[in-house]
Structure formats: C-alpha cells, structure tokens
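Novice: Pasting the sequence and the predicted model now:
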Amino acid sequence: MYNLGDILEREYTAKGMVKGVVTSIKNLMKNTGWPIERAMATLGVPKEEWSKYAELLAEQ
C-alpha cells in the first residue's frame, strides 16, 4: 500500500518529466527551426501523446 508521500512524489516526478519534454521540444523548435511534429518525433515522443504536448506548448 502506498502512503501519501509516495503518491505525491510520483505525481511531482511525472509532472517534472512532462515539463522536461516540453522544454526539450521548445528548444529543438527554437534552435533548429523544426516544426513541432519533427521535434517530437526526434525526441521519441509517442504519437498518442503529441496532442497533449502540443496543447502544453500552446499554453506557454
């Protein structure tokens, strides 16, 4: 059974990983001039998650 600390740690770790991917996509687009799709493909982001990351980038 998980305690609250374990649950919060996993949630914050997951959020940090998502933030890192968003930053990487943004940097690739900025430094290479690539479209978002090419940046995500290069980073190995699964196609099922592309819309999620596109939305997150649009919010910034």
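Specialist: Yep, that arrived. Numbering: from 1, shown residues only.
Novice: Residue ranges in the chain under the pLDDT threshold?
Specialist: Applying pLDDT under 70 to the chain flags the ranges 1-2.
Novice: what about the helices in it?
Specialist: 4-32, 36-43, 50-59 (DSSP state H).
Novice: Turn these into CSV, columns for mean neighbour count.
Specialist: In this view, the C-beta of every residue, glycine as well, is placed from N, C-alpha and C. Below are the helices of the chain laid out as CSV (neighbours: other Cβ atoms under 10 Å):
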stretch, mean neighbour count
helix 4-32, 12
helix 36-43, 16
helix 50-59, 13
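Novice: what's the residue nearest to W34 when sequence neighbours are not counted in contact with, if anything?
Specialist: Closest residue to W34 apart from its sequence neighbours, by Cβ to Cβ, 6 or more residues apart in numbering: L28 at 5.9 Å. By Cβ atoms under 8 Å, 6 or more residues apart in numbering, the residues touching L28 are W34, R38, A39, T42, L43.
Novice: Quickly note the distance from the third one to L57.
Specialist: Spelled out, it's A39. As judged by Cβ to Cβ, to the nearest Å, A39 and L57 stand 10 Å apart.
Novice: Now do the shared contacts for those two.
Specialist: By Cβ under 8 Å, 6+ apart, A39 and L57 have these common neighbours: I25.
Novice: nearest to V18, of the contacts of L28?
Specialist: Nearest to V18 among the contacts of L28: L43, at 12.4 Å, using Cβ to Cβ.
Novice: contacting residues for the closest one?
Specialist: With contacts defined as Cβ under 8 Å, 6+ apart, L43 is in contact with V21, S24, I25, L28.
Novice: Then I25?
Specialist: I36, A39, M40, L43, V45, Y53, L57.
Novice: 7 Å - rerun?
Specialist: I25 is in contact with I36, A39, M40, L43, Y53, L57, counting by Cβ atoms under 7 Å, 6 or more residues apart in numbering.
Novice: Pull the most distant pair out of these.
Specialist: Greatest spatial distance in the contacts of I25: L43 and L57, 12.6 Å, computed using Cβ to Cβ.
Novice: one step back: rebuild the contacts of I25 as TSV, extending it with distance to L4.
Specialist: Listed next are those as TSV, based on distance: Cβ to Cβ, whole Å:
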residue	distance to L4
I36	36
A39	36
M40	34
L43	32
Y53	29
L57	32
